[in-house]
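1. Using only what follows, build the 3D model:
(chains A, B and C, ligands or ions: 2)
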Amino acid sequence: MALNFFSILSSTIFLSIFAIVISLNFRISKFLNLSHGSIFALGAYVAYYTIKSGIVMGMFLAAVLAFFTGVILYLLIKKIGNGIFEATIISLGFAIGLEEILRIAHGKGYYLIVESNLMFAGIDFWEIMQGLMLLIILIALFVVYKSKTGIKLKFVEDDEFLARIYGVDYEKFSLFCIALTSSAIGLLGFLSSTSQALYPGIGWMPLIAGILIAAITALFRSIGLAHYTKIVLIAFVYSLIVSIFLS
Amino acid sequence: MKLAMSLIGDTTVVGMLKIKGVSKQFNSLTVLKDVSFNLRKGEVVGLCGPNGSGKSTLLKIISGFEKPSCGKIILNERDITKTPVEERVELGLSFAFQMPRPFLKMTVFENLLTGCMLRYEKKEAMLKAEELLELFGLEKLAGRKAMNLSQGELKLLELCRSLSTEPDFILLDEPFAALDRENTKNVRKKLKMMKKMGVGMLITAHKTRILEKLADETYWIELGKIKRIERVEG
Amino acid sequence: MDGKGREGREEEREELNKIEMVGNAVKSYKEFYRKKRRIKLAEFSILATILIFAPFVSGFYLLWLITLGVIYSTYTLAWNWMETMIGRTSLGHAIPFGLAGYLSALLYIYTKNPLLFPLTWIVAGMLSASVLYILSLSRDRVAFVFISFLIGAIIWIFSPLFTITMGGEIYGGEEGFSLPSNPILVTYSLSVVLLLAVFLFFGFLRTSATGLKFTTVRDDERAARLVGVKVNRVKAFCTLISCIITALAGGLYALHFSHVNPEVFSIHIALFPFIATIFFKNDSEIGGVTGSFILVFVSNYLNSIFPQLHLLLYSALLIVSPGIIRWRARKAKLTGGV
Ligand SMILES: Nc1ncnc2c1ncn2[C@@H]1O[C@H](COP(=O)(O)OP(=O)(O)OP(=O)(O)O)[C@@H](O)[C@H]1O
Ligand SMILES: [Mg+2]
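-> Ligands and ions are numbered 1, 2, ... in the order given. So this is what the prediction gives:
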C-alpha cells in the first residue's frame, strides 16, 4: 500500500484529541478556545526539560501546569470577557502571550529536539500513549454522559442560559471544562514532543486542523457522545485526505 | 395636515394589495393554509389570532422576509412574490416589526432620514424627516440616539420610520404590544391619522377589541386558516 | 435610589437641556455635520502638514519608521471601514495585505517589471474581497470573525510550503521572495499620497448621505432593507474598497522591506488594526492613524529591548480589549446624539 496506514492512524488519534478538546470548549464553555495551541507547546517544552529525569513525573508536571494555565484563562475570561466573541479574543491574546513567554525564555535556541527512542513491541512508545489517551478521553466522556452530570451537560450544551435558570452550576462546568481540556492538551504536547522539532509556535497547525475537524463535525448536528465519536471518524477522513495529498 | 397629505403621493389612484392562496410550511409544521384576502389603499385590515397562529409569519411573507410555500402576493397589479424586500419597499410596501428594530447608533432624526432618502435627495429628505418628526411629536427626541429611547418611544419611532419610505401599504406587527394605556392611545391616534393620509394598513393583534373603530375589516386566523369576522354594530 | 449617582443624573439633565435647545432638527443636524466635516478637514490638514514636512527634519531611520506607520495607518483605516460601515470585524485582513506582496513578488520574478505592481495589488484586493464578501452574506457576525480568522490562519500556516523553481533556483518557502529595492523617498511619498487620499475619501463618505445609508447595514440589516437599502450591494462595495486599499497598503509594505515572507499573513498582521483601534473612536479617521502610529513606535521601542517583545504588548492589549471597548461604548452612550 502506498499510503502509510500507521501514520494515518497516529495522525487520526492526535487530531481527534485536539478536535474533541476544541469542541468541548465550544459547546460547554461557549467560546472558541484559541489558547490550546500554546498550551500544547507548553507541554512539549515541559517534556524537553523533564524527559531525562522521569517520564511519569514529567507527564504529571505537564498536566498540572496546563491545568492551572487553563484556570488562569478561565479567570481572565470571567473577569473581562462577556460572550463568545470577547472570550475568543481573550483566549487569542492569552495564546500569543504564552507563546511569547516560551520564546523569550528560550531566546537563544529556536528549534529544540527532544530525544527518546523508547519502543514497545516495535511501536513508538509515545504513539501508544497517545492512543491510550484518546481511549481514556472517550471512555471518560462515555461515563460522564451516561451519568447524572451528563444530563446537565447536555442541558448546558443546548442552552446555557436556560440551564443557569434551572439551577445548573454553569460556572463550575465551564471552569472544569477549560482546565481539564487544557490539561489534556498539555499532556498531548508532552507525548508528541519527540516527533518534531520544538518551537513556540508549534501548536498553531494542529489547532487550526482541530478547529476545521470540529467545525465539519458540527455540521452533522449530533449532540452528546455521538458528536465526539463522529469527530474521530472525521479526523480519520481528514488524515487520509491529507496523506493522499502529501504523497 | 396639508403637508402630511403631501407625503403620500397621489391618493386618487386606488392601489390594491392582494394575497392569493398563500401557504407556509416549516418542515412538517403547516403554519398557513391557503390564506387569501385583499387590502385596498386607505383601508385598515385587522388580523387577530392567538399566539403562534402565524400572524407574524404571514406579515413576513408579505414583506419578503420569508418565502411562501405556495401562493402569490400582488401589489398594484404586479406579482411581487419573488421580489426582494428592498424592492418591495421601493414599490410602496412597508413593515414595522413586532419588536422595534431602530438603527441603534443613529439619532432619531437620522433614523427617519434614512427612510426619506429612498425617494428624495438629501436636502428634501431632511425636510420630509422633519415633517414626520412633527407629525409624531418626536421633535424633542430628534437629536437623541435610538439606543437611549424607552420602549414606547421606540414603538413610535418604528411606526414613524415605516411611514418614512412613503408607502401605499404598511404591515404592522402588533403595534400595541408592550405599551401602557397612555402610549396605546397615542399609537391609536397616530394610526388613525395614517389612515386619513390614505395609507393601507394590515394590523395584527391578539384581541379584536383593540382594533375597534380602526379596522374596516377584521380577520381571525387560527390553525392556519383565515376567517372574516362579521362586525356587530353597537 | 435609582443607583445612578449624582453625576449620572447631572449628565442626564445636561443632555435634556441640549435636546430642548435643538428646536429645529434640520438646522441642528446640518450644523452637526458641518462641524464634523470642519473638524475632519482640520485633522487632515494637520496630518498632511506633518507628513509633508517630515522628510526634511527626520533622519533615515526615523523616516523609515514613519513610512511604516503611514502604511499601517492606511491598513487600519481600510480595516476599520468594514467594521464601522457593515459591522464586520475581519480577522482575515492579512489575506489582502499579504497576497498583494506575494503576487507582486511573483510577477517580478517572471517579468522583472515593477510598473505592473499596482495591477497585482488590485487583483489581490479583489480576490480577497470576493472571499470576505461571501462570508459577509451571512447575518452571523461572530461566525464572520471566526471563519475569516480561520482562512487567514490556514494561509499563514501553509504559505511556507509555497515555492517556485525557475532557472534551477528555488524561490519562496520560509525565506519568501525578494522585490527590487528603491529609495526611501519613493515608498514614503507613495504611502503618504495613499494615506491622505484614503483619509479624505473615507472622511467625506462617512459624513455624506451615502455613508448614512451604509451605516444602516452596520446597525441592523433587516431594518436596512426596510428603508430600501440594497444590503448586499453595500456589503460588496464596502468589502471591495476595504480589501483593495488593504492590498495597496500591503503592496507598499512589501516594497518598503523589498521583501515578503510568510509573516505577512501572520495573525499579528491580522490583529494589528484591531489592536490599533482599541483605544480610539471607531468612526474617526484620525483615531485610527494615531493608534497605528503609537502602536508602530511603541512596538519598535520594545523590539529594541528584545526581539519581538511587542507581541507581549499585543497579547496584553487583546486580553484587556473587551473591557476597554465596553467602557468606550458606555461613554459614547452617555454623550451620544447631535
Ligand atoms: N423559522 C421558523 N421555523 C420553524 N417554525 C417557525 C418559524 N417561524 C415561525 N415558526 C412557527 O410558526 C408558528 C407561527 O409563528 P408566528 O410567529 O407567525 O405566530 P404569531 O401568530 O405571530 O404569534 P405571536 O402572537 O406570539 O406573535 C409558530 O408555531 C412558530 O413556532
Ligand atoms: Mg407575532
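2. Show me the shaky parts of chain B.
-> When residues are selected by pLDDT under 70, those of chain B lie in B:1-14, B:231-234.
3. Show me where chain B has its strands.
-> B:16-26, B:29-40, B:44-48, B:70-75, B:78-79, B:93-96, B:169-172, B:200-205, B:217-222, B:225-229 (DSSP state E).
4. Tell me which of the ones you listed lies nearest to residue C:203.
-> Counting by CB to CB, residue C:203 lies closest to strand B:93-96 out of those; the figure is 33.0 Å. (Each C-beta comes from the backbone N, C-alpha and C, glycine too.)
5. check whether the closest one contacts chain C.
-> Yes - using CB under 8 Å from any CB of the partner chain, strand B:93-96 comes into contact with chain C via B:94-95.
6. other SSEs contacting that strand?
-> Contact analysis of strand B:93-96 by 3 or more CB pairs under 8 Å, 6 or more residues apart in numbering or on different chains; DSSP states H and E lists helix B:55-63, helix B:151-164, strand B:169-172 as its packing neighbours.
7. The last one packs against which elements?
-> Helices and strands touching strand B:169-172, as assessed by 3+ CB pairs under 8 Å, 6+ apart, comprise helix B:55-63, strand B:93-96, helix B:151-164, strand B:200-205.
8. can you list the ones you listed in a markdown table and add mean neighbour count and distance to residue A:233?
-> Written out in a markdown table, the entries for those read as follows (neighbours: other CB atoms under 10 Å in any protein chain shown; distance: least, CB to CB, whole Å):
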| stretch | mean neighbour count | distance to residue A:233 |
| --- | --- | --- |
| helix B:55-63 | 23 | 38 |
| strand B:93-96 | 26 | 45 |
| helix B:151-164 | 22 | 49 |
| strand B:200-205 | 25 | 48 |
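9. Just put those in TSV and tack on distance to residue A:232.
-> Output for these, formatted as TSV (distance: least, CB to CB, whole Å):
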stretch	distance to residue A:232
helix B:55-63	41
strand B:93-96	48
helix B:151-164	50
strand B:200-205	50
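10. Out of those, which is closest to ligand 1?
-> Proximity of the helices and strands packed on strand B:169-172 to ligand 1 was assessed by CB to the nearest ligand atom; the nearest stretch is helix B:55-63, lying at 3.1 Å.
11. Figure out how far the closest one is from the centre of its chain.
-> Distance, stretch centre to chain centre, for helix B:55-63: 11 Å (CA atoms, centre = their mean, to the nearest Å).
12. just stretch B:18-33 next, same as before
-> With CA atoms, centre = their mean, you get 21 Å for stretch B:18-33.
13. And stretch C:227-234, what's buried?
-> C:227-232, C:234 (16 or more other CB atoms under 10 Å in any protein chain shown).
14. Rounded mean pLDDT for it, please.
-> When the per-residue pLDDT values of stretch C:227-234 are averaged, the result is 94.
15. Need the distance between the two termini of that stretch.
-> 13 Å (CA to CA, to the nearest Å).
16. does any part of that stretch sit near chain B?
-> Yes - using CB under 8 Å from any CB, a contact is recorded between stretch C:227-234 and chain B, made by C:227-231.
17. Just give me the closest of the residues you listed to ligand 1.
-> For ligand 1, the closest of those turns out to be residue C:231, at 19.7 Å, with distances computed as CB to the nearest ligand atom.
18. where along chain A do the helices fall?
-> Assignment of helices within chain A using DSSP state H yields the ranges A:5-24, A:36-50, A:55-80, A:84-105, A:125-146, A:148-158, A:160-165, A:170-191, A:204-218, A:225-246.
19. Next, the buried residues of the third one.
-> So that's helix A:55-80. Judged by neighbour count (16+ other CB under 10 Å), helix A:55-80 contains these buried residues: A:55, A:58-59, A:61-63, A:65-67, A:69-71, A:73-74, A:76-77, A:80.
20. shouldn't residue B:166 be in contact with residue B:90?
-> No - with the criterion set as CB atoms under 8 Å, residue B:166 and residue B:90 do not qualify as a contacting pair; they are 10.2 Å apart.
21. Now list whatever residues contact both of the two.
-> With CB atoms under 8 Å, 6 or more residues apart in numbering or on different chains applied, the overlap between the contact sets of residue B:166 and residue B:90 consists of residue B:118.
22. And the two? Which one has more around it.
-> The residue with more neighbours, out of residue B:166 and residue B:90, is residue B:166; 19 against 15, by other CB atoms under 10 Å in any protein chain shown.
23. And that one, its phi and psi?
-> Here is the backbone geometry of residue B:166 (degrees, to the nearest 10): phi 50, psi 60.
24. And for it, nearest residue in space, chain neighbours not counted?
-> In this structure, residue B:166 finds its nearest non-sequential neighbour in residue B:119, 5.5 Å apart by CB to CB, 6 or more residues apart in numbering or on different chains.
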